[in-house]
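**Student:** Need coordinates for the following:
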Amino acid sequence: MKVWAEDARLSGGLDGLAFGKDADGGHEVTATFRDPAMSEAQRVVMRLDDQDEIRFSMPGEVNTVYTFSRVADTVEISAERTPVQLASQ
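**Tutor:** Below is the predicted model of the structure:
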């Protein structure tokens, strides 16, 4: 099992740490981060396969969209401020 941290990059004003390990052809990514507007750090764990990109907001912080993406062996993590977006039919 390979554990890595050097290939994870955080951007968009995030303070944090990301690390992971190889897991059956994918990467299991663990990230602990804090947006300057948040009072407490957030922690997420997810599996990323090559070319995966996941976007989400955290409860209580709907104006920030977090993106986790993987291309080959590089994982990028970013945060972007956005206006509130509501789903519609």
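
**Student:** Spatially nearest residue to the residue most central in space within the chain (excluding sequence neighbours)?
**Tutor:** Closest to where the C-alpha atoms of the chain average out (C-alpha atoms, centre = their mean) is Phe68, at 3.9 Å. Residue nearest to Phe68 in three dimensions, not counting chain neighbours: Ile54, with 4.8 Å by C-beta to C-beta, 6 or more residues apart in numbering. Quick note: C-beta positions are derived from backbone N, CA and C, even for glycine.

**Student:** Was I right to think the one you found contacts Val75?
**Tutor:** No. Counting by C-beta atoms under 8 Å, Ile54 stays clear of Val75, with 10.9 Å between them.

**Student:** can you list residues touching both of the two?
**Tutor:** Shared contacts of Ile54 and Val75 (C-beta atoms under 8 Å, 6 or more residues apart in numbering): 48, 68-69.

**Student:** now the helices for the protein?
**Tutor:** Here the chain has no helices by DSSP state H.

**Student:** Tell me who's in contact with Asp49.
**Tutor:** Residues near Asp49 by C-beta under 8 Å, 6+ apart: 25-27, 70.

**Student:** which one in these is the model shakiest on?
**Tutor:** Least confident by pLDDT among the contacts of Asp49: that is Gly25, with 80.

**Student:** That residue - how many residues pack around it?
**Tutor:** Gly25 has 8 neighbours, counted by other C-beta atoms under 10 Å.

**Student:** With His27 instead?
**Tutor:** A count of nearby residues for His27, using other C-beta under 10 Å, gives 24.

**Student:** Show me the beta-bridge partners of it.
**Tutor:** On the basis of DSSP bridges, His27 is bridged to Asp22, Leu48.

**Student:** Correct me if wrong: it contacts Ala72.
**Tutor:** No. Between His27 and Ala72 no contact is recorded; they are 10.3 Å apart, counting by C-beta under 8 Å.
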